[in-house]
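Visitor: for reference, the sequence and a predicted model appear below.
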Amino acid sequence: MAPKYDGMSHCKLALVFAVLMDLLGVISLLLGVFAELEFQGQDFGDLLVYTGALLVLLSLLGWVMWYSGNIEGLTSRKELGGTVHGALDRLAHTLSRRIRIPRTHSSPS
């Protein structure tokens, strides 16, 4: 019996990564823009602005992974009457199945 998934139960790690990178990026951006950050005559505001922008850009990877892992109901070519061809189709199917199936850790007997 296949486990039932509800809501955002797929790819929780990608969701946490995306939200965390968004929060850190926005905080860094706002600090870089609005705070006077000088240390020994050097201004670090630009560094925080660029770092924040990169963190927000990096969070996009997490959002894409989370969204991709939560897509359901796609019809494969096999269900449409054709056969699944090509290495890319097999790779996508294998990766999707590995992401979707929860891992269980069992102790060896």
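Guide: That came through fine. Numbers count the residues shown, from 1 in each chain.
Visitor: hey, where'd the strands end up in this protein?
Guide: 38-39, 42-43 (DSSP state E).
Visitor: can you pull out the helices in this protein?
Guide: 12-34, 45-69, 87-100 (DSSP state H).
Visitor: reformat those helices as a markdown table; add mean neighbour count and mean pLDDT.
Guide: Using the backbone N, CA and C atoms, a C-beta is placed for each residue, glycine as well. Converted to a markdown table, the helices of the chain look like this (neighbours: other Cβ atoms under 10 Å; pLDDT from 0 to 100):
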| stretch | mean neighbour count | mean pLDDT |
| --- | --- | --- |
| helix 12-34 | 16 | 93 |
| helix 45-69 | 16 | 91 |
| helix 87-100 | 11 | 73 |
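Visitor: coming back round to it: I'd like the strands of the chain laid out as TSV, including distance to Leu55 and mean pLDDT.
Guide: TSV is the format used below for the strands of the chain (distance: least, Cβ to Cβ, whole Å; pLDDT from 0 to 100):
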stretch	distance to Leu55	mean pLDDT
strand 38-39	21	84
strand 42-43	20	84
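Visitor: for Leu29, find the nearest of the ones you listed.
Guide: Nearest of those to Leu29, taken as Cβ to Cβ: strand 42-43 at 15.5 Å.
Visitor: list the strands paired with that closest one, with their directions.
Guide: Within its sheet, strand 42-43 is paired with strand 38-39 (antiparallel), according to DSSP bridges.
Visitor: how about the strands of the chain, which one is nearest Ala87?
Guide: Closest among the strands of the chain, using Cβ to Cβ: strand 42-43, at 51.6 Å.
Visitor: hmm, who's touching the closest one?
Guide: Leu37 (Cβ atoms under 8 Å, 6 or more residues apart in numbering).
Visitor: quick one on the thing from earlier: which one of the strands of the chain is the most hemmed in?
Guide: Ranked by mean neighbour count, the strands of the chain are led by strand 42-43 with a mean of 10 (mean count of other Cβ atoms under 10 Å).
Visitor: which ones are touching Leu60?
Guide: Residues in contact with Leu60, defined by Cβ under 8 Å, 6+ apart, are Ala18.
Visitor: what do you get if the cut-off is 10 Å, keeping everything else the same?
Guide: Ala18, Met21, Asp22 (Cβ atoms under 10 Å, 6 or more residues apart in numbering).
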